[in-house]
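> Quick one: sequence plus predicted model below, questions after.
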Amino acid sequence: MIQALDILKQVNKPAEFAGMALLWHKDQHIPGSTQYSIKRYYTQDKWTTEDTGMFVYHFNADQPRENFLELRFCISGNRYCDNKVCGNCNQLPTEECAGPLRTVDIFSFHFTSTFLHQFLHNVKLTTTKDEVLAFKHPNAFTKIFPLSMRKRATLDSVLNHSYTGSLENIFINAKIHELLLQSLDVIVDDEKEEGFTCKFLADDRGKESIYQAREILLQHIGDPITIKELSRKVAMNECYLKKGFKEVFGTTIFDFYQQQRMEHAKYLLYEKALSVTDVSALLGYSSISHFSAAFKKHTGLKPCELLN
């Protein structure tokens, strides 16, 4: 099966991947900012590779005008079809649902040295991050990193927004800056690779259990599961599970679960035009008021404001 790393290495090449077909492609240049590309592929097989990012520092001392930074991301895509009258997606997705499409989204964000220079005015180059942004770091490099939920949420917002025209440029520009800031964390000042602080994540079994927990949470969007039940399903101590989940995904189990519930609620309200009452029930809330409060806390909007 094709792996995320294989895709990221060829993201800027006209490549075809076995078992994958291009569904959608967008190239955009924001004036005075960055150039980005988004490709969505349909994949015939179930996507099991973890979401992955790549930080590319291209440096050539002899040709400074050609220096650039690039962020590349490969994530599992939207599982729902675009057919708003389809009844399959009115309920929560299941393995038997014929409506969802298995997709993979691939992003590329390109930052020129001219663009990055604006952030270095009156800045002393005291860290490796500063040197990279100023293209004073002497060696080109590429770093691979797993995606935290914060980065994943930012990428999801790039894909799913309602802005058009100049407002879209403003919104995307803000999100790209956010991604750049978040991704600079992969650069370590002592130039040593950061490892997991939780020792039990050093082996593949520990990390596999954490990713399994994430999948179980996604399967229980409408049927809340306790951490105790979750720890039993993945055969991991509750304390280890909570610590490991936070380290791998950059968020707590509760915050991740709430975010996924609210994102699905937005989809059901806006795309499927379900009522607030129906969505509240589908997501397992005991009352509409509790759902409305959680939704507003997450989105800043009342659920009724998304109804068509």
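Arrived safely, thanks for sending. None of these values were measured; they are calculated from a predicted model.

> for the stretch 51-200 of the chain, what spans make up the helices?
113-116, 128-133, 149-159, 165-183 (DSSP state H, counting those that start in this stretch).

> Please name whichever of those helices is nearest to Leu22.
With CB to CB as the criterion, Leu22 lies closest to helix 149-159 of the helices of the stretch 51-200 of the chain, at 15.7 Å. In this view, the C-beta of every residue, glycine as well, is placed from N, C-alpha and C.

> who touches the closest one?
38, 51, 53, 73, 75, 78, 105, 107, 147, 172, 175-176, 178-179, 182-183, 249-251, 255-256, 259, 263 (CB atoms under 8 Å, 6 or more residues apart in numbering).

> Over to stretch 284-298?
222-224, 258-259, 261-262, 265, 276-277, 279-280, 283, 301-303.

> Mind doing that once more with 7 Å?
222-224, 258-259, 262, 265, 276-277, 280, 283, 302-303 (CB atoms under 7 Å, 6 or more residues apart in numbering).

> So which bits of stretch 136-151 are buried?
137, 145-149, 151 (16 or more other CB atoms under 10 Å).

> Tell me which two in these are the farthest apart.
His137 and Met149 (28.7 Å).

> can you give me the mean pLDDT across stretch 173-187?
The average pLDDT for stretch 173-187 rounds to 89.

> Using CSV, write down the CA coordinates of it.
The C-alpha trace of stretch 173-187 is given here as CSV (Å, rounded to 0.1, in the frame of the first residue of the first chain):
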residue,chain,number,x,y,z
ASN,A,173,-3.4,33.7,4.3
ALA,A,174,-4.1,33.7,8.1
LYS,A,175,-4.3,29.9,8.3
ILE,A,176,-1.0,29.5,6.3
HIS,A,177,0.8,31.8,8.7
GLU,A,178,-0.7,29.7,11.5
LEU,A,179,0.6,26.5,9.9
LEU,A,180,4.1,28.0,9.5
LEU,A,181,4.2,29.0,13.1
GLN,A,182,3.1,25.6,14.3
SER,A,183,5.4,23.7,12.0
LEU,A,184,8.5,25.6,13.1
ASP,A,185,8.3,23.6,16.3
VAL,A,186,10.0,20.7,14.5
ILE,A,187,13.2,22.7,14.4
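
> So what touches it?
By CB under 7 Å, 6+ apart, stretch 173-187 touches 30, 33-34, 36, 53, 55, 71, 109, 111, 128-129, 132, 143, 145, 150-151, 154, 157-158.
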